[in-house]
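J.: quick one: sequence plus predicted model below, questions after.
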Amino acid sequence: MRYALVLVGALIVGGFGWGYWHVSTHGDVNVSLNDVGLKTERQLWGKPSAAQVVFQDASGTTLARGAAEPPQGIVWIQHPVIGDCRREERQASSGEAGMAAWQECIGTKMRWVPTWIRQVRHVRVTLDGCTIERAPVSLDAYRDAWWLWWLPLPHVGGAPYTYYALAVWIDSRACRAVDPVR
């Protein structure tokens with residue numbers, strides 16, 4: 001009986017430990033590149049449809065690269081070896097091999113993001129012949145409920161991740177960084 005209780009306790013601690021480890025070492029990032037130079041009568045800022053973004057630490061060392069691409073200006077983060085996994089994502093529905101390739105690619109990228117994202121202090125943004133150096137960033141992190149990963153319910157269980165939201169504010173007309181618009 002005593003060994004059974006110890007075993008159950010060890011399984012519980014191990015399960016919670018795995019959840020905490022996973023949420024701490026796996027993450028994804030959403031970059032919001034906001035441009036007040038694209039202000040209109042209906043909006044205070046817009047999203048540049050094309051830009052190159054370099055994420056840097058306090059000393060200016062490059063941590064990662066990304067690119068905003070037309071038509072929506074979504075910033076795609078580039079893993080230094082595997083890229084952004086969009087090709088694998090398109091091929092994931094082609095069969096088991098395509099799905100396995102996508103899962104491997106996205107798994108590698110999600111393990112890589114937490115290794116650098118918290119060190120980002122500013123970015124270099126290049127767009128339309130303008131380069132904005134050292135634009136400050138704001139970073140928020142949202143952790144999944146890592147203690148619930150084991151629940152076999154849709155939208156509750158599953159491997160837990162940390163989701164990062166990184167915001168950058170620029171003025172492409174003046175070619176400079178600006179304070180966030182609220």
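T.: Thanks, I have the structure now. Being a predicted model, the structure only gives us computed values, none of them experimental.

J.: all helices for the protein, in order.
T.: Secondary structure of the chain (DSSP state H): helices located at 2-25, 86-91, 96-112.

J.: quick one: these as a markdown table, columns for distance to residue 55, mean neighbour count and mean pLDDT too.
T.: Just so you know, the C-beta spots here come from the backbone N, C-alpha and C atoms, and that holds for glycine as well. Compiled in a markdown table, the helices of the chain are given as follows (distance: least, Cβ to Cβ, whole Å; neighbours: other Cβ atoms under 10 Å; pLDDT from 0 to 100):
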| stretch | distance to residue 55 | mean neighbour count | mean pLDDT |
| --- | --- | --- | --- |
| helix 2-25 | 19 | 12 | 81 |
| helix 86-91 | 19 | 14 | 91 |
| helix 96-112 | 12 | 15 | 94 |
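
J.: quick one: those helices as a markdown table, columns for distance to residue 124 too.
T.: Formatted as a markdown table, these follow (distance: least, Cβ to Cβ, whole Å):
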| stretch | distance to residue 124 |
| --- | --- |
| helix 2-25 | 28 |
| helix 86-91 | 23 |
| helix 96-112 | 20 |
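
J.: the ones you listed: which one's closest to residue 171?
T.: Closest to residue 171 of the helices of the chain is helix 86-91 (Cβ to Cβ; 29.2 Å).

J.: one step back: nearest to residue 58, of the helices of the chain?
T.: Of the helices of the chain, nearest to residue 58 by Cβ to Cβ is helix 96-112, at 20.2 Å.

J.: so which of the helices of the chain comes closest to residue 143?
T.: helix 2-25 (5.3 Å).

J.: need the CA coordinates for the closest one. CSV is fine.
T.: What follows is helix 2-25, C-alpha atoms only, in CSV (Å, rounded to 0.1, in the frame of the first residue of the first chain):
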residue,chain,number,x,y,z
ARG,A,2,2.8,2.4,0.9
TYR,A,3,4.6,1.8,-2.4
ALA,A,4,1.4,2.3,-4.3
LEU,A,5,0.9,5.7,-2.6
VAL,A,6,4.6,6.6,-3.3
LEU,A,7,4.1,5.5,-7.0
VAL,A,8,0.9,7.6,-7.4
GLY,A,9,2.6,10.6,-5.8
ALA,A,10,5.6,10.3,-8.0
LEU,A,11,3.3,10.0,-11.1
ILE,A,12,1.4,13.2,-10.1
VAL,A,13,4.6,15.1,-9.4
GLY,A,14,6.1,13.9,-12.6
GLY,A,15,3.0,14.9,-14.6
PHE,A,16,2.9,18.3,-13.1
GLY,A,17,6.7,18.6,-13.6
TRP,A,18,6.4,17.7,-17.2
GLY,A,19,3.6,20.3,-17.7
TYR,A,20,5.7,23.0,-16.1
TRP,A,21,8.8,22.1,-18.1
HIS,A,22,6.9,22.1,-21.4
VAL,A,23,5.2,25.5,-20.8
SER,A,24,8.7,26.9,-19.9
THR,A,25,10.5,25.5,-22.9
